[in-house]
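J.: Provided below for reference: sequence and predicted model.
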Amino acid sequence: MANEIMVYTDGGARGNGKEDCVSAWAYTLSYGEHYKENKGAMYGATNNQMEMTAIIEALKAIKNKTIPIKLHSDSAYCITGITSWIHNWKKKGWINSKKEPVENKELWIEMDKLVRECTSIEFVKVKGHADVQGNIRVDALVNLAMDELIAEGR
């Protein structure tokens, strides 16, 4: 559909789960002839946190949230979380199905707020490292952001 904002997001962490892992997020936005991309990196965040941050930063960057949005991510965690799991988490006071506090609660709350600001948003699960140009680009941006952070040193 030509009159929708196409969004691709990705996040990653080299050494996921380790305290000093290198983590990054990236997104691309396209609408007609307009195009924007952005990325960021830090130490110590998990892969899931970076996948969520990419979606949050992309949604923050969209000025006109009345235009339909098609958001592509290779994160089943993010897509299932925001379209399915979140409803029960909110009903149960942010407790998951294992009767434990939901991980990354603050990021889920922020993502949920931004999603609810959108008139129309569709989440599309893409296969990671497949031949999807938008996904290839955000993956490259994530790796570039990590490389730049490492090159800067701490």
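T.: Done, it's in. Residues are numbered from 1 along each chain as shown.

J.: roughly how far does Pro68 sit from Val7?
T.: Distance, Pro68 to Val7, by CB to CB, to the nearest Å: 11 Å. Glycine gets a C-beta too; all of them are placed from N, C-alpha and C.

J.: now the strands: where do they sit in this protein?
T.: Assigned by DSSP state E, the chain shows strands spanning 5-14, 22-31, 34-43, 69-73, 121-125.

J.: please identify the most buried of these.
T.: Compared across those, strand 5-14 shows the largest average neighbour count, a mean of 25 (mean count of other CB atoms under 10 Å).

J.: and that strand, average pLDDT?
T.: For strand 5-14, the mean per-residue pLDDT is 97.

J.: so Tyr43 makes contact with Ile150?
T.: No - Tyr43 is not in contact with Ile150 according to CB atoms under 8 Å; the separation is 9.7 Å.

J.: shared neighbours of these two, anything?
T.: Jointly contacting Tyr43 and Ile150 under the rule CB atoms under 8 Å, 6 or more residues apart in numbering are Val22.

J.: in CSV, list the strands of the chain along with distance to Thr80.
T.: What follows is the strands of the chain, written out as CSV (distance: least, CB to CB, whole Å):
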stretch, distance to Thr80
strand 5-14, 15
strand 22-31, 19
strand 34-43, 24
strand 69-73, 11
strand 121-125, 9
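
J.: mind checking those for the one nearest to Gly134?
T.: Across those, Gly134 has its closest neighbour in strand 5-14 (3.5 Å, CB to CB).
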